[in-house]
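Trainee: Build me a structure from this.
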Amino acid sequence: MLDLTQVAAGSAVECSRRTRAEPPRDHTTMDTPADRRRNVVVWDFPVRLFHWALVLLLAIAWSTAQGGLDWMRYHLYAGYGILALILFRLMWGFVGSFHARFVHFLASPRSACRYAADLVRGRHEAYLGHNPLGGYMVVLLLALVFTQVTTGLFATDDILIEGPLAHAVAARFSRLATVVHTANVNLLIAAAAVHVAAIAYYRWRFGERLVKAMLTGRKDWEGQNAPAPGEVSLGRAVVLLALSVGFVVFIANGL
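Mentor: Residues are numbered from 1 along each chain as shown. From the prediction side, this is the model:
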């Protein structure tokens, strides 16, 4: 006759063995063992070069704007360089490596709001490239910088200094461009300050080395899926940058 007590005991032992042999799977990235972490490529060289060259030229543009008339020539040169970089980055956002493309780091507004809500609650989901808020910050900074340099092309002080295209538009439009150029720089500085503060916060709160990643192009990744950046064509980048510089030179000469 079947002894139910022995069957139950045997089942409990077998269950215990399976539990010890098959530990529960953890899909979170925070508890991933150190030996499973990988150092993966995130940012390609053209993106990194663009980023740091833009930081340098923005600093030069701002400082020379404070130096008076003697420095305005260098202010214009810095503006031309910034415009060439922005034009290059806009094109690279469509034909660059995986994480450089807008389609791969621009999340839906709903995703960005959800990410922001989780961040407020102290929850953090790691992203290999830009997180949803970071993607929108990139677009905002690009838009503000683009606005700054394009309005500078038409700006004038009606005395000595004017952009290379100020003569090609009506005086009313040139004055409007001057007003926007003067006001927009404050928005740009504020956005840049938020950007830097966010980088510092992620380093302090979550241990993410975002500056190091933009210097080396690599991140220590604990997730399961790490999209390969793909082959980066430096030749294509050089061609796009040359086109951007050529266009800016054409504009600088007053069309």
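
Trainee: Look up how far E125 lies from H51.
Mentor: To E125, H51 is 24 Å away according to CB to CB, to the nearest Å. No exception for glycine: its C-beta is placed from N, CA and C like everyone else's.

Trainee: in the stretch 1-150 of the chain, what spans have low per-residue confidence?
Mentor: 1-37 (pLDDT under 70).

Trainee: Which residue comes closest to P46 once chain neighbours are left out?
Mentor: A237 (4.2 Å; CB to CB, 6 or more residues apart in numbering).

Trainee: any idea which element the one you found lies in?
Mentor: Element membership of A237, judged by DSSP states H and E, is helix 234-252.

Trainee: send the alpha carbons of that helix over as CSV?
Mentor: Extracted in CSV, the C-alpha atoms of helix 234-252 (Å, rounded to 0.1, in the frame of the first residue of the first chain):
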residue,chain,number,x,y,z
LEU,A,234,36.2,57.5,-40.4
GLY,A,235,36.3,58.2,-44.1
ARG,A,236,32.6,59.0,-44.0
ALA,A,237,33.1,61.2,-41.0
VAL,A,238,35.9,63.1,-42.7
VAL,A,239,33.7,63.7,-45.8
LEU,A,240,30.8,65.0,-43.7
LEU,A,241,33.1,67.2,-41.7
ALA,A,242,34.6,68.6,-44.8
LEU,A,243,31.2,69.3,-46.3
SER,A,244,30.2,71.1,-43.1
VAL,A,245,33.4,73.2,-43.0
GLY,A,246,33.0,74.0,-46.7
PHE,A,247,29.5,75.2,-46.2
VAL,A,248,30.5,77.4,-43.2
VAL,A,249,33.4,78.9,-45.2
PHE,A,250,30.9,79.7,-48.0
ILE,A,251,28.6,81.4,-45.4
ALA,A,252,31.5,83.2,-43.7
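
Trainee: for it, packing partners?
Mentor: helix 45-65, helix 72-95 (3 or more CB pairs under 8 Å, 6 or more residues apart in numbering; DSSP states H and E).

Trainee: Could you list the residues in contact with the shortest one?
Mentor: In this case it means helix 45-65. Helix 45-65 is contacted from outside by 43, 71-72, 74-75, 78-79, 81-82, 85-86, 88-89, 92, 96-97, 99-100, 145, 185, 189, 192, 214-215, 217, 232, 234, 237, 241, using CB atoms under 8 Å, 6 or more residues apart in numbering.

Trainee: now do 7 Å
Mentor: 71, 74-75, 78-79, 81-82, 85, 88-89, 92, 96, 100, 214, 217, 232, 237 (CB atoms under 7 Å, 6 or more residues apart in numbering).

Trainee: out of those, which are buried?
Mentor: Those of these that meet the buried threshold are 75, 78-79, 81-82, 85, 88-89, 92, 96, 100, 214, 217, 232, 237, by 16 or more other CB atoms under 10 Å.

Trainee: re the thing from before, which one of the helices and strands packed on helix 234-252 is the most hemmed in?
Mentor: helix 72-95 (a mean of 19; mean count of other CB atoms under 10 Å).

Trainee: any idea which helix or strand comes after it?
Mentor: Criterion used, DSSP H and E; the element after helix 72-95 is helix 102-105.

Trainee: Can you spell out which helices and strands pack onto the next helix or strand after that next one?
Mentor: Per DSSP H and E, the first helix or strand lying C-terminal to helix 102-105 is helix 109-120. Here helix 109-120 touches helix 132-154, going by 3 or more CB pairs under 7 Å, 6 or more residues apart in numbering; DSSP states H and E.

Trainee: nearest to R110, of the helices and strands packed on helix 234-252?
Mentor: R110 lies closest to helix 72-95 among the helices and strands packed on helix 234-252, at 22.0 Å (CB to CB).
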